[in-house]
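Engineer: turn this into a structure:
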Amino acid sequence: MVWQFASRYFSAKKSTNAINIIAWVSVVAIAVGAGALIVILSVFNGFEGLVKSLYSSFYPTIKVAPAVGKTMLLTDSQLKSIAQVPGVAYMSDVVEEKAILRYGDEPTIAILKGVDSNYNHVAGVKDKMVRGRFDTGDEVAYRAILGLELESALGVDVERSLVPVTVYLPRRDVSTFITPEQALNSGVLYPTGTFAIQQEFNSKYVITHIDFMRQLLAMQPGEMSALEISAKPGTDEQQLKQRLQQLLGKDFKVQTRYEQNQSLYAIMQTEKWAVYIILSFILILLAFNMIGSLSMLVIEKQKDITILKAMGARDSLILKIFLAEGLVIAGLGTFIGFVLGVTFCVLQEKFGLIRLEGSSFLVDAYPVNMHGVDFVLICVTILVIALAASWFPARRAAALGIELKAT
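Structural biologist: Residues are numbered from 1 along each chain as shown. Okay, the predicted model is just below:
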């Protein structure tokens, strides 16, 4: 009965057209707010998914690094134990160090990352090659895969040039020196390919063979900067991390992909929630239209309220009727907003209606990705705002006294 009264009051013609107009303005306002929330949150989801896919091409599922210092030593028995941990698919030894690269006259500082033959199973750099091939070489000739911006900064042409890049790395066994050359070991790398993932990687990373790095840094066999691990499909990263941490102990730091980029993910989540809060405040402001609409409806329906109370209706029933009226307005606006938002997101995904300006982006148009949890969150938000906006007019209606006049 409550919903019958509410729907009747919403759809019936009022004595003053302004009441109907304000009611529909409230519906349109909520629709615009709900649709805007869906679109904006979906765009944030799209960018988040894009960034995560790019970072997952470079960062492994799990990374094991020394808790103290820059390098660690894992024995064959330890590596075998790690490989037998449930959820571990592949492992790759990695050695990273800052280096000076010289190709021509201008030196460039970069990060050299030495990897073994399993690296392509734990990272997707090979799939991001834009020129040349992924080949780290061997003891006959060690090779290098350069980031796109770094290749440009050095002036290297990986497809045509046969001139090697000279690499200078610090010597770990030297504490005092007279000339800079005495503190550095040098070697040469032959560029064979270029990758393009994200500017953070493209501008400073060079991937080469791990044996090249161990030779120049005078490392022991099995010594490394980190052990990168890929997980089997369906494996929970947190559970895998806990298993590895329990196996290796406190001397090693085990990080999931999220923890390796915690600041980045935290910033993206913060931005998303900030936008949600701002748009929610806008919805609150738009809810004043609903308050005005319901207040005018209460004035319009004073006679009906008096009759209902004379027939024995409790104040709680009157309260529920006008609360339901507010929910009808909010529900209709939310439905229309969802239809508009979903339609726009689908069209944006298929046709790229709004495109990104410039040519340096990996995608041409704004990415969108709709999540069911966003719809639930928006529904709850609008429900709370609608109930709060409807409460005052509904209480006013419930408090009206019986005023029947004799004729």
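
Engineer: report the contact partners of residue 382.
Structural biologist: 30, 33-34, 283, 330, 333-334 (CB atoms under 8 Å, 6 or more residues apart in numbering). C-beta here means a position set from N, CA and C on the backbone, and glycine is covered the same way.

Engineer: packing partners for the host helix or strand of residue 56?
Structural biologist: Here residue 56 sits within helix 17-58, counting by DSSP states H and E. Packing partners of helix 17-58 (3 or more CB pairs under 8 Å, 6 or more residues apart in numbering; DSSP states H and E): helix 262-300, helix 315-351, helix 372-398.

Engineer: point out where the stretch 151-300 of the chain drops to low pLDDT.
Structural biologist: 173-182 (pLDDT under 70).

Engineer: tell me where it has strands.
Structural biologist: 165-170, 184-195, 205-209, 223-224, 226-231, 252-256 (DSSP state E, counting those that start in this stretch).

Engineer: tell me which residue is most central in this structure.
Structural biologist: The residue lying closest to the centre of the chain (CA atoms, centre = their mean) is residue 48, at 2.7 Å.

Engineer: phi and psi next, for residue 197.
Structural biologist: When quoted as degrees, to the nearest 10, the phi and psi of residue 197 stand at phi -120, psi -70.

Engineer: just to check, it is in contact with residue 125?
Structural biologist: Yes - counting by CB atoms under 8 Å, residue 125 is a contact partner of residue 197 at 7.1 Å.

Engineer: overlap in contacts, those two.
Structural biologist: In contact with both residue 197 and residue 125: 57-58, using CB under 8 Å, 6+ apart.

Engineer: pLDDT on the strand ranked longest in the chain, on average?
Structural biologist: In the chain, assigned by DSSP state E, the strand with the most residues is strand 88-102. The average pLDDT for strand 88-102 rounds to 95.

Engineer: next, the angle from it to strand 165-170.
Structural biologist: Using axes from the mean of the first three to the mean of the last three CA atoms, to 10 degrees, the inter-axis angle of strand 88-102 relative to strand 165-170 is 100 degrees.

Engineer: what are the contacting residues of the next helix or strand along the chain from strand 88-102?
Structural biologist: Later in the chain than strand 88-102, the nearest helix or strand by DSSP H and E is strand 107-115. Contact with strand 107-115 is made by 92-102, 136, 150, 153-154, 167, 169, 204-214, as judged by CB under 8 Å, 6+ apart.

Engineer: put the buried members of these into a ChimeraX selection.
Structural biologist: In ChimeraX syntax, the buried subset of the contacts of strand 107-115 is picked out as below (16 or more other CB atoms under 10 Å):
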select :92,93,94,95,96,97,99,100,101,136,150,153,154,167,169,204,205,206,207,208,209,210,211,212,213,214
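
Engineer: rewinding a little: in CSV, list the strands of the stretch 151-300 of the chain along with distance to residue 59.
Structural biologist: Formatted as CSV, the strands of the stretch 151-300 of the chain follow (distance: least, CB to CB, whole Å):
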stretch, distance to residue 59
strand 165-170, 23
strand 184-195, 14
strand 205-209, 12
strand 223-224, 16
strand 226-231, 8
strand 252-256, 9
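
Engineer: looking at those strands, which is nearest to residue 42?
Structural biologist: strand 252-256 (25.7 Å; CB to CB).

Engineer: which elements pack onto that closest one?
Structural biologist: Secondary elements touching strand 252-256 (3+ CB pairs under 8 Å, 6+ apart): strand 62-66, helix 237-248.

Engineer: pipe those into TSV and attach mean neighbour count and distance to residue 146 per row.
Structural biologist: Formatted as TSV, these follow (neighbours: other CB atoms under 10 Å; distance: least, CB to CB, whole Å):
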stretch	mean neighbour count	distance to residue 146
strand 62-66	22	23
helix 237-248	16	30
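
Engineer: redo the ones you listed as JSON lines? Include distance to residue 400.
Structural biologist: Converted to JSON lines, the helices and strands packed on strand 252-256 look like this (distance: least, CB to CB, whole Å):
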{"stretch": "strand 62-66", "distance to residue 400": "66"}
{"stretch": "helix 237-248", "distance to residue 400": "57"}
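
Engineer: and the strands of the stretch 151-300 of the chain: which comes nearest residue 354?
Structural biologist: strand 184-195 (29.1 Å).

Engineer: just the CA atoms of the closest one, as CSV, please.
Structural biologist: Provided in CSV are the C-alpha atoms of strand 184-195 (Å, rounded to 0.1, in the frame of the first residue of the first chain):
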residue,chain,number,x,y,z
LEU,A,184,85.2,1.2,-12.7
ASN,A,185,85.0,-2.0,-14.7
SER,A,186,84.0,-1.6,-18.3
GLY,A,187,82.5,-3.9,-21.0
VAL,A,188,80.7,-3.6,-24.3
LEU,A,189,77.1,-4.5,-25.2
TYR,A,190,75.7,-4.9,-28.7
PRO,A,191,72.2,-3.4,-29.0
THR,A,192,69.7,-5.8,-30.6
GLY,A,193,66.3,-4.5,-29.6
THR,A,194,64.1,-1.8,-28.2
PHE,A,195,61.1,-2.2,-25.8
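
Engineer: that'll do, ta.
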